[in-house]
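# the amino acid sequence is not available; the structure is as follows:
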């Protein structure tokens, strides 16, 4: 069984039900973009590529699932909701062990700077890269220093 594809199929079906086509497009672009970056970063750092990709596919599902509900501005509260939705999906699909589910859900849940698991750090880095390079002509809203450090880690010249 290919767990990544089973998860993506479930999430794709969920996103297809979004009424707003712009929101649907943004959700696909973001989740798949972060997923790709998570896989690459995990590979480079010697972490589980499969779990990293699955974590990325689950990381913002609360926002995408609650169409029409005002967004939660508090990052900690929002990430806890994302973690709860991720657990619901994984429990429903029954594609991970209890430890893997905990690992993924803990990575999704923001707890503050310096308090991340290895998988949580990978997710945070991938998320910043996706936001920073979705359209590099736009200013990024957060994580400029972290993005600069990632470029150094990957041997990418940051000069324009």
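Great, that's in hand. Quick caveat, the model's predicted, so the values are computed rather than measured.
# so what's the residue most central in space within the chain up against?
Centroid-nearest residue in the chain: residue 56, 3.1 Å away (criterion: Cα atoms, centre = their mean). Residue 56 makes contacts with 31, 34, 35, 37, 38, 39, 123, 126, as judged by Cβ atoms under 8 Å, 6 or more residues apart in numbering. Where you see a C-beta, it was placed from the backbone N, CA and C, and this is true even at glycine.
# could you list the low-pLDDT ranges of the chain?
Under the criterion pLDDT under 70, the flagged ranges of the chain are 67-72, 111-115, 158-160.
# against residue 54, how distant is residue 121?
According to Cβ to Cβ, to the nearest Å, residue 121 stands 16 Å off from residue 54.
# out of the two, which sits in the busier spot?
Counted by other Cβ atoms under 10 Å, residue 121 and residue 54 do not tie: residue 54 has more neighbours, with 30 against 15.
# my guess is the more buried one contacts residue 2, does it?
No - between residue 54 and residue 2 there is no contact, the gap being 11.1 Å when judged by Cβ atoms under 8 Å.
# can you measure across stretch 15-29, start residue to end residue?
End-to-end span of stretch 15-29 (Cα to Cα, to the nearest Å): 11 Å.
# do the same with stretch 40-53
Terminal residues of stretch 40-53 lie 9 Å apart, using Cα to Cα.
# and for that stretch, what's in contact with it?
Outside stretch 40-53, the residues that reach it (Cβ under 8 Å, 6+ apart) are 3-4, 35, 38-39, 100, 103-104, 118-119, 122-123, 125-126, 154.
# and those residues, which of them are buried?
Buried residues within the contacts of stretch 40-53, counting neighbours by 16 or more other Cβ atoms under 10 Å: 3-4, 35, 38-39, 100, 103-104, 119, 122-123, 125-126.
# tell me which residues of the host helix or strand of the residue nearest to the centre of the chain are tucked away?
If you go by DSSP states H and E, residue 56 is part of helix 49-58. For helix 49-58, the neighbour count (16+ other Cβ under 10 Å) marks 49, 51, 52, 53, 54, 55, 56, 57, 58 as buried.
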